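Novice: quick one, structure for this:
(4 chains)
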There are 2 protein chains.
Amino acid sequence: MRSLADKIENYLKELLGRSQGSVEIQRSELAQVFDCVPSQINYVLSTRFTVEQGYLVESRRGGGGYLRIVKLPLTDEGPLRRLIEASVDRLTSQQVGEGLIGRLVEEGFLTKREGKLMRAVIDREVLALPLPERDLLRSRLIRAMLLVLLQDDFD
Amino acid sequence: MRSLADKIENYLKELLGRSQGSVEIQRSELAQVFDCVPSQINYVLSTRFTVEQGYLVESRRGGGGYLRIVKLPLTDEGPLRRLIEASVDRLTSQQVGEGLIGRLVEEGFLTKREGKLMRAVIDREVLALPLPERDLLRSRLIRAMLLVLLQDDFD
DNA sequence: ACTTTTTGATTATCTCTGACCTTCATTGTA
DNA sequence: TACAATGAAGGTCAGAGATAATCAAAAAGT
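Specialist: Residues are numbered from 1 along each chain as shown, chains lettered A, B, ... in the order given. You can find the predicted model right below:
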């Protein structure tokens, strides 16, 4: 028997299918529809609607709060994907990061300006954390930026 | 359901759109139109018409009092530099950072992709630090990125 | 045993309200 | 003419209300 999480996932993908690529809904309302606690919705979103899977989830709290799920049109750039996979392992030095960025610029995945932007971000003086944490943070930053590049330009 | 604050925001931006960059209105009158307390207007102004987002709000009390909202164009790099110094100096919340980035994209100083890149960088989940440090780091990152782009303009 | 799902208590964020405060223009009066 | 009193704006701030996010423990699958 399919789990509740699966049902919610299907429901949302159904909605996405017949909309123009994005759905907006209230978390509490959706939870009511499926008669579950609201945090169940978060579970579904975090396991089935990740950026890696091609979704973007935005939300707002407070009065008039909502969840918005956007289906991202993805480029099918194999090399980028592989880089992202590889960067999952956690520590990245500045040197390694700069090498990576340099290659991406050369291969035309990044403009020079974007390259500069990324180099500024991974600079050790800017990050300014003690050393195990700094490399860890740098990895998260690079990964987050690469994921953005996977997205086609839209909207 | 969009919030009241959103509606007031839209209304004002509508007015701004069809005027020549500035709108003058009475706070109490506007509050009446939306059937809310006057301080709600202040809330909208302080969250959606900030300097980071490119607006200037002037006002006057007493008889004949008014609010004036001015949309600031961002043309040369002098004001931009000042903006960077002024708004990103110490602590920057994600909200304020996104406002600033959105504004820079609107003004054509950043491409949409660069905007997305920057947004990814300042995301609280990516930074993943406890709270005073997170806002501090975000400030350094935004500053570093913008400074690099400023320099880039002279290549 | 291990992984995935489900739950709920707690926390964080965004919005809205009202009581009280400050500023400015006008009016009345010595 | 002063200038104090009055009234008509707008400003501030703390608290209440409305959502969503997090996290870890319990439960359910495998």
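
Novice: my read: A:L141 touches B:V121, true?
Specialist: Yes: the pair A:L141 / B:V121 is scored as a contact, 6.0 Å apart, by C-beta atoms under 8 Å. No exception for glycine: its C-beta is placed from N, CA and C like everyone else's.

Novice: higher neighbour count, the two?
Specialist: Taking A:L141 and B:V121 together and counting by other C-beta atoms under 10 Å in any protein chain shown, B:V121 has the greater number of neighbours (27 against 23).

Novice: my guess is A:L30 contacts A:I8. True?
Specialist: Yes: here A:L30 reaches A:I8: they are 7.3 Å apart, a contact under C-beta under 8 Å.

Novice: quick check: neighbours shared by the two?
Specialist: Residues touching both A:L30 and A:I8 (C-beta atoms under 8 Å, 6 or more residues apart in numbering or on different chains): A:I41.

Novice: rewinding a little: common neighbours of A:L141 and B:V121, please.
Specialist: By C-beta under 8 Å, 6+ apart, the residues touching both A:L141 and B:V121 are A:V121.

Novice: any idea how many residues pack against the residue of chain A found nearest DNA strand C?
Specialist: Closest to DNA strand C within chain A is A:G62: 2.3 Å, counting by C-beta to the nearest atom of the strand. Using other C-beta under 10 Å, A:G62 has 7 neighbouring residues.

Novice: which residues does the closest residue to it other than its chain neighbours contact?
Specialist: The shortest distance from A:G62 to any non-neighbouring residue, by C-beta to C-beta, 6 or more residues apart in numbering or on different chains, is to B:S3 (7.6 Å). Residues near B:S3 by C-beta under 8 Å, 6+ apart: A:62-64.

Novice: how about those residues in JSON lines, adding distance to A:R134 and pLDDT?
Specialist: Listed next are the contacts of B:S3 as JSON lines, based on distance: C-beta to C-beta, whole Å; pLDDT from 0 to 100:
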{"residue": "A:G62", "distance to A:R134": "34", "pLDDT": "96"}
{"residue": "A:G63", "distance to A:R134": "39", "pLDDT": "95"}
{"residue": "A:G64", "distance to A:R134": "39", "pLDDT": "95"}
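
Novice: so what's the nearest residue to A:E24 once chain neighbours are set aside up against?
Specialist: If the residues on either side of it in the chain are set aside, A:E24 comes closest to A:R68, at 4.6 Å by C-beta to C-beta, 6+ apart. A:R68 makes contact with A:22-24, A:57-59, according to C-beta under 8 Å, 6+ apart.

Novice: and these, which are buried?
Specialist: Among these, those scoring as buried are A:22-23 (criterion: 16 or more other C-beta atoms under 10 Å in any protein chain shown).

Novice: so what does the residue nearest to A:E24 look like in phi/psi?
Specialist: When quoted as degrees, to the nearest 10, the phi and psi of A:R68 stand at phi -130, psi 130.

Novice: check it and give its pLDDT.
Specialist: Looking at A:R68, its pLDDT is 97.

Novice: what pairs with it across the strands?
Specialist: Going by DSSP bridges, A:R68 is paired in beta bridges with A:E24, A:E58.

Novice: how close does A:K13 get to A:S19?
Specialist: Per C-beta to C-beta, to the nearest Å, A:K13 is found 11 Å from A:S19.

Novice: look at the two and report which has more neighbours.
Specialist: A:K13 (15 against 12).

Novice: following element in sequence after the helix or strand bottoming out on mean pLDDT in chain A, please.
Specialist: Sorting the helices and strands of chain A by mean pLDDT, DSSP states H and E puts helix A:78-86 at the bottom, at a mean of 66. The helix or strand immediately downstream of helix A:78-86 is helix A:94-106, counting by DSSP states H and E.

Novice: packing partners of that next one?
Specialist: If you count contacts as 3 or more C-beta pairs under 8 Å, 6 or more residues apart in numbering or on different chains; DSSP states H and E, helix A:94-106 packs onto helix A:112-121, helix A:131-150.

Novice: mind listing residues that contact the shortest one?
Specialist: If I follow you right, that is helix A:112-121. Residues contacting helix A:112-121 (C-beta under 8 Å, 6+ apart): A:98, A:101-102, A:104-105, A:110, A:126, A:141-142, A:145, B:113-114, B:117-118, B:121, B:141, B:144-145, B:147-149, B:152.
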